[in-house]
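Engineer: model the following, please.
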Amino acid sequence: MTFRRKITSFALAAMLTSGAVSLATLPAQAVGGNCSAVKQTEAKFGPDSHRARANCASLQGDSKARGTLVRNGGPDYHTSWFTTTGKYYYTGWYTCYAGCSARVQIEHV
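Structural biologist: Numbering: from 1, shown residues only. Below you'll find the predicted structure:
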């Protein structure tokens, strides 16, 4: 390998390394928000129906959220993912034979 080719290879390797370091030091967006969820109950003849109601007063960075009706002993049900704050999002109505609760899930967009 000639001296000129060695210098070119070294320069190329140095540029690629500095580019990788620059990408690694980009600031990460925070994921989180001020969100809440409540379980709503509709009493009726027979088993009661329940749904989750979720909303966020704020969401950080590139965050998205969704409400979840967590059913003990059964599948969980979710609202659609949302990024709009100050609006309520609901799951459908479901029976929770073994109990249930509501929570908010927040993830990176």
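Engineer: for this structure, which element, helix or strand, carries the lowest mean pLDDT?
Structural biologist: The weakest-scoring helix or strand in the chain, judged by mean pLDDT, DSSP states H and E, is helix 3-24 (a mean of 54).
Engineer: right, and the helix or strand after that one?
Structural biologist: Toward the C-terminal end, the helix or strand that comes next after helix 3-24 (DSSP states H and E) is strand 33-42.
Engineer: neighbouring strands for that following strand, and are they parallel or not?
Structural biologist: Paired neighbours of strand 33-42 in the sheet (DSSP bridges): strand 49-59 (antiparallel).
Engineer: which residues touch residue 56?
Structural biologist: 33-36, 65, 82, 85-86, 104 (CB atoms under 8 Å, 6 or more residues apart in numbering). (C-beta placed from N, C-alpha, C; glycine too.)
Engineer: separation between it and residue 67?
Structural biologist: Residue 56 sits 10 Å away from residue 67, going by CB to CB, to the nearest Å.
Engineer: need the overlap of contacts for these two.
Structural biologist: Joint contacts of residue 56 and residue 67 (CB under 8 Å, 6+ apart) are residue 104.
Engineer: secondary structure class for residue 61?
Structural biologist: coil (DSSP: H, G, I helix; E, B strand; the rest coil).
Engineer: from the contacts of residue 56, which would you call buried?
Structural biologist: 33, 35, 65, 82, 104 (16 or more other CB atoms under 10 Å).
Engineer: closest one of these to residue 47?
Structural biologist: Closest to residue 47 out of the buried ones among the contacts of residue 56 is residue 104 (25.3 Å), distances taken as CB to CB.
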